[in-house]
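[1] Based on what follows, work out the 3D shape:
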Amino acid sequence: MNRILIIALSGIGDALMFTPAIKLLKKFNPGLEIDALVMFQGAKAILERNPSVHKVFYFDFLNEGIFNSLKFVLSLRNKYDASINAYPSNRREYSVINFLIGAKKRAAIKYLRKDFVNLGFLNNVRITENDSLHNVQENINLCEKLFNQKYDEQPNLDFYLTNDDVSYKETYLKNQNISQSDIVIGFHPGSATLKNQIKRRWEPEKFAELGKRLINAYNAKILIFGGPEEDELKKNISSTINSDNSIVVNTNNLAQSAAIIKGCNLFMTNDSSLMHVASAMKANIIALLGPTNPNYIYPWNTNHKIVRLNLDCSPCFIYSPRPLICFRNDVKFKCMKELTVDMVYDAAKDFLTSST
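    Numbering: from 1, shown residues only. As a prediction, this is how the structure comes out:
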């Protein structure tokens, strides 16, 4: 095989979790030309910096409509020896796109749930989903199957920063009067909102209370991260904390945010794309998880703690087009609502005590 296309349409974090597989594909097949197809600007920003990726195609499938989307996909038809639907991609649209690309070999996971109705049979190189494996491992195993190779490594997530990104971080921290002796803690109170995934968020009031406690106990500088669509959320938490030590982070792009995250002593986050960006930055991470299977998405190859409730009903979020739904009769989304500030603060204390 000479040319392959990575179809990474499902999100920024999911594209990032395919980067270890990209590294291995290039290492074991140095002449391979790897292109990628994405529909989120953040995924484009990550993959176009990757030296193993030849070209990144960005197309806004969500807003372009069926006709324009079909025309675009067909423009890529019969140009690749193989195409890979990055895990997770359990949607019929993704299976159709992989099929229409026209590669002889079309790789995708065989999902344990909703595979047939989402047209998984249109793919012809498959391995069965394993609920005990991380998304990174699923992607690596799928590439092993496609190339009939065995990879004994499990590399880090790759998000390459430039010297300009590092300089931006240093200038930003200086402008915020943050020194190397300060304890810097990042918060990401947001998450994706598609398919009701907003329910994966810990309550903003609890983030605010946690921030107050960390400032009082450690004189910590709290940096509140999130995309432009989360500006109001960030501002509300910062105003509730009501301290000069609470800082809303606004940057020009994802790489600048990543560079600042790299400067944090600790990063505390919902299940979100920035959790995986923080993993790529090798940050210390506290992940607040509710409905998602932690095996799938725990912070990869970095120091981390997971704070979650061990409920009989959890995890319940599966990889399919179905929106996130809670079937409990007592407290809806109990898995997130009953995560207490004490639980998260104790996890933070363990990190901060060991680092001081």
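
[2] Please count neighbours and contacts with C-alpha atoms only from this point.
    OK.

[3] got the contact list for stretch 160-170?
    46, 49-50, 255-256, 259-260, 263 (CA atoms under 8 Å, 6 or more residues apart in numbering).

[4] so for that stretch, what's the average pLDDT?
    Per-residue pLDDT values over stretch 160-170 give a mean of 97.

[5] How about stretch 321-331?
    Averaging pLDDT along stretch 321-331 yields 89.

[6] buried ones in it?
    324, 326 (16 or more other CA atoms under 10 Å).

[7] Start and end of that stretch, how far apart?
    24 Å (CA to CA, to the nearest Å).

[8] returning to what we had before: what about burial for the contacts of stretch 160-170, which qualify?
    Neighbour counting with 16+ other CA under 10 Å marks 46, 49-50, 255-256, 259-260, 263 as buried within these.

[9] Which two of the residues you listed have the greatest separation?
    Asn50 and Gly263 (21.5 Å; CA to CA).

[10] can you pull out the strands in the stretch 101-250 of the chain?
    Counting by DSSP state E, counting those that start in this stretch, the stretch 101-250 of the chain has strands at residues 105-110, 125-128, 184-188, 221-224, 246-248.

[11] starting at the chain centroid, how far to the longest one?
    Same thing as strand 105-110. Averaging C-alpha positions (CA atoms, centre = their mean, to the nearest Å) puts strand 105-110 21 Å from its chain's average.

[12] Okay, now the sheet partners of that strand, with direction.
    strand 82-85 (parallel), strand 125-128 (parallel) (DSSP bridges).

[13] Dump the ones you listed to a markdown table, plus mean neighbour count, mean pLDDT and distance to Tyr151.
    Output for the strands paired with strand 105-110, formatted as a markdown table (neighbours: other CA atoms under 10 Å; pLDDT from 0 to 100; distance: least, CA to CA, whole Å):
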| stretch | mean neighbour count | mean pLDDT | distance to Tyr151 |
| --- | --- | --- | --- |
| strand 82-85 | 26 | 98 | 17 |
| strand 125-128 | 18 | 98 | 15 |
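
[14] out of these, which comes closest to Asp312?
    Taking CA to CA, strand 125-128 is the member of the strands paired with strand 105-110 nearest to Asp312, at 24.7 Å.

[15] give me the number of residues near the closest residue to Met281 other than its chain neighbours?
    Nearest non-adjacent residue to Met281, counting by CA to CA, 6 or more residues apart in numbering: Lys262, 5.3 Å away. Using other CA atoms under 10 Å, Lys262 has 22 other residues around it.

[16] check contacts around Lys262.
    Lys262 makes contacts with 278, 281-283, as judged by CA under 8 Å, 6+ apart.

[17] same deal with Gly31?
    Asn2.

[18] what does the one 5 residues further on give?
    Contact partners of Ala36, counting by CA under 8 Å, 6+ apart, are 5-8, 47, 53, 55-57.

[19] now Gln149
    In this structure, Gln149 makes contact with Cys143, judged by CA under 8 Å, 6+ apart.

[20] where does it land on pLDDT?
    In this model, Gln149 is scored at 96, pLDDT.

[21] separation between Lys79 and Arg106?
    Taking CA to CA, one finds Lys79 at 13 Å from Arg106.

[22] Who has more neighbours out of the two?
    Legend: neighbour count by other CA under 10 Å for Lys79 and Arg106, higher for Arg106 (24 against 14).
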